[in-house]
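> here is my input, please return the structure:
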Amino acid sequence: MFLAALLPAVLGVIFLHRIALDQDETACPALEAIAARLPEEPPRTRPAVLLAALLLPGLLYGTTVAANPLGWLEVSDHVTAPREVVPLNAEDRGLPVYPFSLQSVGVASGDRPTVHLADHDLGPRLLTCLDSRCGDLSLYRAAGDDSSVPVSAATHLPDGRTVVASWEWTDKEGRYRIRLRVCGDGTCKVTADAIRTLPRDRLVARKAKAVLVARPDGGSVVAYTEISLRDDADRETVMITTCADLACAAPVTHAPAKLNHPIESELDTQVLDLAIAPDGRPVIARYDVETGLVHVVSCAAPDCAKATVSSAGTRTTRDITRGKVGSRGLSVTVRRDGRPVIAYRETPGGVIRLINCRHRSCASADTVPLTGRDPDRHAPGLVIDHAGRVLVATTVAGRLTVYSCRETRCTATPIAKGDQPERLVMTLDPAGRPVIAWVDASMGEGGVRDWRLRITTPLNLGAA
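From the prediction side, this is the model:
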């Protein structure tokens, strides 16, 4: 505060001093005339009064900035790059980071963000900030040495740990199984060795999807898709496995729905999402890139033995399978009254739409377009803050923008400039503020040349 008050006074003195140095005895007769009219002995000024006059403008400025009476938006924006260039064939912590690998972000009580990365070639990994300002990063594997990990998902716990679920091949059985690992401080430990072993007539395709969510009671729920070798290739089964705790000694698995298996890229990992309602019942959302619709699977009970399937959104009649790969996707969350809310990127135009379900089953819904067309725009982030507002993060005209919505009424707030992110994810920090993460990478010959992690937090979005 003292420096803010002193700075304007110092700048004023320097300015007047420079004017005096630039003048000679005959260059400014107007100043000479003013000087001639001054009294020979100017009245004495008390030093305290003079000091107060010099400091008052700065004090007023500093107080105004600190109090922020006009509610100007304040943003915390950290850009962190690895200390060394990452080669393509590196091992362990030197693995390359691709923008499309970004899957989720979590911020625990220590305000250290952790990002889940996943792709088919490198398997699940965790990128962790070593301090609250994300000045340095830690990158490590979140699976075994076997690189054959086609699908993985993660959820972030309030204590800072991350739970990772991944399909992994077992040489002993010759089949895939889902393992649970709890990760923290650069290491991961297997807590559940096989919560689901894939039947021999089922296939985990490279285009399969998975999502993991922690339950408030300490358990976890994994939603994923499987393809049966006995059925047509255009059908997929939505599976859900619930665990009472992280050890998952008695997993319960059900198949609540069968959906069309659309033509999509393995990079489209955000087309399946899962949320838990306040009463513990899961809600699954699946984006169909061929029809443009969102399929909502609403479970009748926490174990999801039975469910209803509804479709919402805007049907697209164009050939949308030619849309930009990796950009298609959605996010789902649930209001306090149990109604799902979904934000998704429509293909091929890139319009971000918000679906407000009128009922728990989403049999009827209101769909609101938030943005205009932008083919380079990717899937949005979605959260509900502590005040009950729906927050949607996306990009508009080269600016990271957050839409704050009450039902179907939404207000856009640009919060940062930057390049169009390949993918962004969003969560809430312990203070209830939205935290948005994305990876900016430049490609060179042979793979990733360099990359940066960007963490952006609007500190007072409610006042903006």
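
> CA only for contacts and neighbour counts going forward, please
OK.

> count of residues packed around the residue nearest to residue 345 when sequence neighbours are not counted?
Counting by CA to CA, 6 or more residues apart in numbering, residue 345 lies nearest to residue 352, which is 4.6 Å off, once chain neighbours are set aside. With neighbours defined by other CA atoms under 10 Å, the count for residue 352 comes to 26.

> pLDDT value on residue 352, please?
pLDDT, residue 352: 95.

> relative to residue 166, how far out is it?
Relative to residue 166, residue 352 is positioned 30 Å away (criterion: CA to CA, to the nearest Å).

> if I look at the residue nearest to residue 345, how far off is residue 402?
12 Å.

> one more: residue 189?
36 Å.

> between those two, which has more neighbouring residues?
Higher neighbour count among residue 189 and residue 402: residue 402, with 27 against 15, using other CA under 10 Å.

> so residue 361 sits against residue 300, correct?
No. Using CA atoms under 8 Å, residue 361 makes no contact with residue 300, being 9.2 Å away.

> buried stuff in stretch 337-349?
Using 16 or more other CA atoms under 10 Å as the test for burial, stretch 337-349 gives 338, 339, 340, 341, 342, 343, 344, 345, 346, 347, 348, 349.

> export those residues to a markdown table and tack on pLDDT, distance to residue 373 and secondary structure?
As requested, the buried residues of stretch 337-349 are exported to a markdown table (pLDDT from 0 to 100; distance: CA to CA, whole Å; DSSP: H, G, I helix; E, B strand; the rest coil):
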| residue | pLDDT | distance to residue 373 | secondary structure |
| --- | --- | --- | --- |
| 338 | 94 | 31 | coil |
| 339 | 96 | 28 | coil |
| 340 | 97 | 25 | strand |
| 341 | 98 | 21 | strand |
| 342 | 97 | 19 | strand |
| 343 | 97 | 15 | strand |
| 344 | 95 | 13 | strand |
| 345 | 92 | 10 | strand |
| 346 | 88 | 9 | coil |
| 347 | 80 | 10 | coil |
| 348 | 77 | 9 | coil |
| 349 | 84 | 5 | coil |
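
> strands of the stretch 151-300 of the chain, start to end?
Remark: strands assigned in the stretch 151-300 of the chain by DSSP state E, counting those that start in this stretch are 152-156, 162-170, 175-184, 187-197, 202-203, 210-214, 220-228, 235-243, 252-260, 272-276, 282-287, 294-299.

> look up how far residue 271 lies from the closest residue to residue 316 other than its chain neighbours.
Leaving aside its sequence neighbours, residue 316 sits nearest to residue 292 (CA to CA, 6+ apart; 5.0 Å). Residue 292 is 11 Å from residue 271, where distance means CA to CA.

> neighbour-wise, which of these two wins?
Using other CA under 10 Å as the criterion, residue 292 and residue 271 rank with residue 271 on top: 24 against 21.

> in contact with that one, which residues are there?
Counting by CA atoms under 8 Å, 6 or more residues apart in numbering, residue 271 makes contact with 209, 285, 286, 287, 288, 328, 329, 330.

> if we use 6 Å, what do you get?
286, 287, 329, 330 (CA atoms under 6 Å, 6 or more residues apart in numbering).

> neighbour count winner among residue 361 and residue 300?
residue 361 (22 against 17).

> need the three-state assignment for that one.
The local conformation at residue 361, judged by DSSP: H, G, I helix; E, B strand; the rest coil, is coil.

> distance of it from residue 294?
When residue 361 is compared with residue 294 (using CA to CA), they lie 13 Å apart.

> and for residue 450?
In this view, residue 450 and residue 294 are 36 Å apart by CA to CA.

> and those two? Which one has more around it.
Per other CA under 10 Å, whichever of residue 450 and residue 294 has more neighbours is residue 294, with 25 against 19.

> now do the contacts for residue 368.
353, 354.

> what about it, helix or strand, and which?
Using DSSP states H and E, residue 368 falls within strand 365-369.

> what is the burial count for residue 200?
Neighbours around residue 200, by other CA under 10 Å: 11.

> actually residue 239, sorry about that
Using other CA under 10 Å, residue 239 has 18 neighbouring residues.

> just to revisit the earlier point, what touches both of residue 352 and residue 402?
Joint contacts of residue 352 and residue 402 (CA under 6 Å, 6+ apart) do not exist.

> now do the most centrally placed residue in the chain against residue 114, distance only.
The chain has residue 425 as the residue nearest its centroid, 1.9 Å off, counting by CA atoms, centre = their mean. Plainly put, residue 425 is 11 Å away from residue 114 if you go by CA to CA.

> residue 343 now?
From residue 343 to residue 114 the distance is 23 Å (CA to CA).

> residue 241 now?
Look at residue 241 and residue 114: by CA to CA, they are 24 Å apart.

> same thing with residue 133?
Distance of residue 133 to residue 114, computed by CA to CA: 12 Å.

> tell me which of those two has more neighbours.
Neighbours were counted for residue 133 and for residue 114 using other CA under 10 Å; residue 114 has more, 26 against 16.
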